[in-house]
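A.B. asks: Predicted coordinates and the sequence they were generated for:
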Amino acid sequence: MNTILRKSVLGVAGLAFAGGVFAGPATAQAATSVQSAAPITAVAVAADKPDMGTLVPHGVQGAQSRIDLSDEQVANVKAIIAATKKAGMNERAAVVSIATALQESKLENLGHLGDRNDHDSQGLFQQRPSSGWGTVEQITDPEYSTTAFLKGLKQVDGWQDMPLTKAAQTVQVSAYPDHYAQWEQQAADLVAEHWNS
């Protein structure tokens with residue numbers, strides 16, 4: 001019986017080898033077909049990006065500003081997006097958050113700035129420990145500060161239907177409430193680029 005089993009196993013192995021040898025050109029042809037399909041895959045990936053109509057439902061308001069981002073700033077964008085997803089909020093919430101952080105800190109996780117500081121404001125959103133946003137350690141943690149901002153945003157009735165600057169201002173209570181609007185296009189572009197990355 002051992003001999004019969006061994007012959008069966010060797011026979012199957014021989015068929016697999018022979019199939020591999022004879023299928024070689026067919027496999028090479030299949031590989032060529034896969035390579036020529038690459039542009040189609042790239043189109044499919046582009047279709048996974050959020051729709052600009054969702055990101056900027058009211059269109060941008062006023063003149064737009066744009067800055068080049070360092071690796072650290074891009075990492076902060078990704079942290080804001082991750083925190084937004086973790087909070088169960090959508091791409092529009094990420095746009096509002098990133099535009100707010102662009103205005104408040106240019107997406108830099110700022111510590112205390114001494115005399116240049118607005119009271120005790122710190123972190124990406126320039127939140128203040130003295131106003132109940134959390135400890136310095138908490139508000140300089142991008143995930144915590146984003147979650148705190150989003151918690152405030154959730155409490156704004158109808159924030160999804162508001163212009164970005166009004167939604168951001170309702171949470172932030174800034175001395176310059178109209179300044180958030182200038183970052184809406186760059187924030188939307190960043191969410192489109194990084195939401196699925």
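C.D. replies: The structure has been received and is ready for your questions.

A.B. asks: How about residues contacting the host helix or strand of Q186?
C.D. replies: Using DSSP states H and E, Q186 sits in helix 184-194. Helix 184-194 is contacted by residues 49-50, 52, 55-56, 60-61, 64-67, 74, 77-78, 81, 91, 94-99, 102, 164 when judged by C-beta atoms under 8 Å, 6 or more residues apart in numbering. (C-beta placed from N, C-alpha, C; glycine too.)

A.B. asks: Among those residues, the buried ones, what's the PyMOL command?
C.D. replies: Listed next is the PyMOL selection for buried residues among the contacts of helix 184-194, using 16 or more other C-beta atoms under 10 Å:
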select buried, resi 49+50+55+56+60+61+77+81+91+94+95+96+97+98+99+102+164
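
A.B. asks: There's contact between Q126 and L110 in this structure, I believe.
C.D. replies: Yes - counting by C-beta atoms under 8 Å, L110 is a contact partner of Q126 at 7.1 Å.

A.B. asks: Of these two, give the one with the bigger neighbour count.
C.D. replies: Taking neighbours as other C-beta atoms under 10 Å, Q126 and L110 compare with Q126 leading, 23 against 18.

A.B. asks: could you check the distance from Q64 over to V156?
C.D. replies: Relative to V156, Q64 is positioned 23 Å away (C-beta to C-beta, to the nearest Å).

A.B. asks: G152 - nearest residue in space that isn't next to it in sequence?
C.D. replies: Distance criterion C-beta to C-beta, 6 or more residues apart in numbering; nearest residue to G152, sequence neighbours excluded, is V171 at 4.0 Å.

A.B. asks: pretty sure that neighbour contacts F149?
C.D. replies: Yes - V171 lies in contact with F149 (C-beta under 8 Å); the separation is 6.2 Å.

A.B. asks: Now for those two: what residues contact both?
C.D. replies: T100.

A.B. asks: and the two? which has more neighbours close in?
C.D. replies: Set V171 next to F149 and count neighbours by other C-beta under 10 Å: F149 wins out with 29 against 22.

A.B. asks: That one: what's its closest spatial neighbour, skipping adjacent residues?
C.D. replies: F125 (5.2 Å).

A.B. asks: Can you get me a residue count around the one you found?
C.D. replies: For F125, using other C-beta under 10 Å, the count is 27.

A.B. asks: What distance do you get for it to W133?
C.D. replies: In terms of C-beta to C-beta, F125 sits 8 Å off from W133.

A.B. asks: shared neighbours of these two, anything?
C.D. replies: Common contacts of F125 and W133, defined by C-beta under 8 Å, 6+ apart, comprise 139, 145, 148.

A.B. asks: Nice, that's everything, thank you.
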